[in-house]
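Asker: Got a predicted structure here, sequence first:
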Amino acid sequence: MTSEFRLGGDLPINRLGFGAMRLPSQSGMGGLDLVYLRVGHMEPPHGESIAARFEALAELREEGLIRHLGLSNVDTGHLTEARAIAPVTAVQNQYHAAHRADVEMLAACEEAGIAFAPFFPLGGGRELDDDRLAKVAARHRASVAQIGLAWLLASSPVALAIPGTGSVRHLEENMATESVVLSDEDLADLA
């Protein structure tokens, strides 16, 4: 008899198939450093239990195949449910200067010391077209993207910026964000 789970809601996984994951750890390559359970698509499915899926990942963690567990596209109820099963190292939800719906999740992560690594920190392919960002960018002689990343990093000590790019120029611009220090006036303008 086999049981089947749907990890991330879309991918059916036969429990016996997890045995194939043992090969990397048995060969001395070690397990996976961090595995996220992605629950929703672009918005978290509120009220849906994630217990069975997270328990399956927690079992793999106990077997040494995964070092750390994370959650993606979840709400604070999901975070509470998961933390009752196993430690959660990181949460990855959509969050950026123009999409701040997950302020409550950021606060929960900060309180628990859990990394918050927002996806689409620069708007997800749509420019961060925000007059507040443009005003602060002009003051710093920086790009709007740099101010968006600087705002994200200033929003919490547990916030991580993971902007993706296919351009060396954008990579260099993103890396230069570390030299942007937002003042209290900047943060007030961006509030």
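Answerer: In hand now; what should we look at?
Asker: Please, where are all the strands along this protein?
Answerer: In order along the chain, the chain carries the following strands (DSSP state E): 4-7, 11-14, 32-38, 66-72, 90-92, 115-116.
Asker: for the record, mean pLDDT for the first one?
Answerer: Strand 4-7 shows a mean pLDDT of 40.
Asker: Next up, the contacts around A90.
Answerer: Counting by CB atoms under 8 Å, 6 or more residues apart in numbering, A90 touches L34, Y36, H68, G70, L71, I114, A115, F116, A117, L160. C-beta here means a position set from N, CA and C on the backbone, and glycine is covered the same way.
Asker: What separation is there between it and G31?
Answerer: According to CB to CB, to the nearest Å, A90 stands 16 Å off from G31.
Asker: show me where the chain has helices.
Answerer: Listed in chain order, the helices of the chain (DSSP state H) span residues 22-26, 51-62, 76-83, 103-112, 131-140, 144-155, 168-175, 184-190.
Asker: got TSV for the ones you listed, with distance to L122 too?
Answerer: Compiled in TSV, those are given as follows (distance: least, CB to CB, whole Å):
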stretch	distance to L122
helix 22-26	33
helix 51-62	29
helix 76-83	24
helix 103-112	17
helix 131-140	11
helix 144-155	5
helix 168-175	8
helix 184-190	15
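Asker: okay, these, which one's buried deepest?
Answerer: Greatest average neighbour count among these goes to helix 144-155 (a mean of 23), per mean count of other CB atoms under 10 Å.
Asker: and the angle from that helix to helix 103-112?
Answerer: If you take axes from the mean of the first three to the mean of the last three CA atoms, to 10 degrees, helix 144-155 sits at 50 degrees to helix 103-112.
Asker: Contacts made by helix 144-155 with the rest, please.
Answerer: Residues beyond helix 144-155 that count as contacts (CB under 8 Å, 6+ apart) turn out to be 95-98, 106, 118, 121-123, 127-130, 133-134, 136-137, 140, 142, 159, 161, 163, 170, 173-174, 176-177, 180-182, 186-187, 190.
Asker: Let me have the strands of the chain in TSV, extended by distance to G148.
Answerer: Written out in TSV, the entries for the strands of the chain read as follows (distance: least, CB to CB, whole Å):
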stretch	distance to G148
strand 4-7	31
strand 11-14	32
strand 32-38	23
strand 66-72	20
strand 90-92	17
strand 115-116	15
